[in-house]
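Chemist: model this:
(one chain, ligands or ions: 1)
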Amino acid sequence: MRLDVVTIFPEYLEPLNVSLVGKARARGRLDVHVHDLRRWTYDRHNTVDDTPYGGGPGMVMKTEPWGDALDDVLASGYESGAHGPVLVVPTPSGRPFTQELAVELSERPWLVFTPARYEGIDRRVIDEYATRIPVVEVSIGDYVLAGGEAAVLVITEAVARLLPGVLGNAESHRDDSFAPGAMANLLEGPVYTKPPEWRGRGIPDVLLSGHHGKIARWRRDEAFRRTALNRPDLIERCDPASFDKKDREM
Ligand SMILES: N#Cc1c(-c2ccc3cc[nH]c3c2)n[nH]c1N
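Modeler: Have a look, this model is predicted:
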């Protein structure tokens, strides 16, 4: 997978050099290119914004730098096979970013991120590229950030960990919170490791029992309990009829 990120804060994307994403890049699973939008400005102040038509607070990011930048990025000649690039636009007014969307994006060969600042990008930029390639406007949550770069980090990590060969244990996807299948719509339950006792706190006996069926059921029940506590809205989406099937899958 190739990722391109166009931003006025390229240093914000430094975390893409470390940890899981950094390892995926080092292994050749991910090819990341971060571009400074100001490379496509030609005035002495490297201007990327201007006042909004219709008035109102703040500034709007100008069309020309984005258009010149995206034309160059898309012309990079990356051979992405049958499927071309997808433009991923972080915005508070976008489609909620979910594990389902992470899976969808992980199946694409090339993502081009356009994290904005100020009040956002002149709408004509998105409209222009929507005539050429798929555009996904995405929100990472119901809160307001000062820009889209943090969203790029979140989306990239969630997508990268789904790529083949990135996570050591391919099975670990299966038990993710929100993962399709047995854990769909359930939050992950508690996890434990050695030592067997810590500050007077032990380990649930079932986890020491070696009985895989009981352990699977306990984990499912704990996931259910935590989901009911923290995300009752997800419980309604669970299909009780599937629980026997869940036990077989877990
Ligand atoms: N994704 C996302 C966002 C944002 C966001 C994204 C881009 C810009 C550009 C200026 N302000 C922004 C906020 N806020 N909250 C989210 N979930």
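
Chemist: where's residue 66, which helix or strand?
Modeler: Using DSSP states H and E, residue 66 maps to helix 63-74.

Chemist: and that helix, how far out from the chain's middle?
Modeler: Averaging C-alpha positions (C-alpha atoms, centre = their mean, to the nearest Å) puts helix 63-74 23 Å from its chain's average.

Chemist: for that helix, packing partners?
Modeler: Under the contact definition 3 or more C-beta pairs under 8 Å, 6 or more residues apart in numbering; DSSP states H and E, helix 63-74 sits against strand 2-7, strand 31-36, strand 110-113, helix 123-130. From N, CA and C alone the C-beta is placed, and that goes for glycine too.

Chemist: Write out the residues of this protein neighbouring the ligand.
Modeler: 90-92, 116-117, 120, 138-141, 143-148, 151 (C-beta under 6 Å from any ligand atom).

Chemist: Could you pull out the buried residues of stretch 45-63?
Modeler: 48, 49, 59, 60, 61, 62 (16 or more other C-beta atoms under 10 Å).

Chemist: List the contacts of that stretch.
Modeler: For stretch 45-63, contacts defined as C-beta atoms under 8 Å, 6 or more residues apart in numbering pick out 8, 37-38, 41, 65, 116-122, 124-125.

Chemist: just stretch 155-162 next, same as before
Modeler: Outside stretch 155-162, the residues that reach it (C-beta under 8 Å, 6+ apart) are 1, 3, 16, 20-21, 24, 29-30, 32, 88, 90, 97, 99, 102-103, 105-106, 111, 113, 138, 140, 166-167, 173.

Chemist: ok, the contacts of stretch 45-63 vs the ligand, which is closest?
Modeler: For those, the residue nearest the ligand by C-beta to the nearest ligand atom is residue 116; the value is 3.9 Å.

Chemist: That closest one contacts residue 93, doesn't it?
Modeler: No - assessed by C-beta atoms under 8 Å, residue 116 is found out of contact with residue 93, at 11.6 Å.
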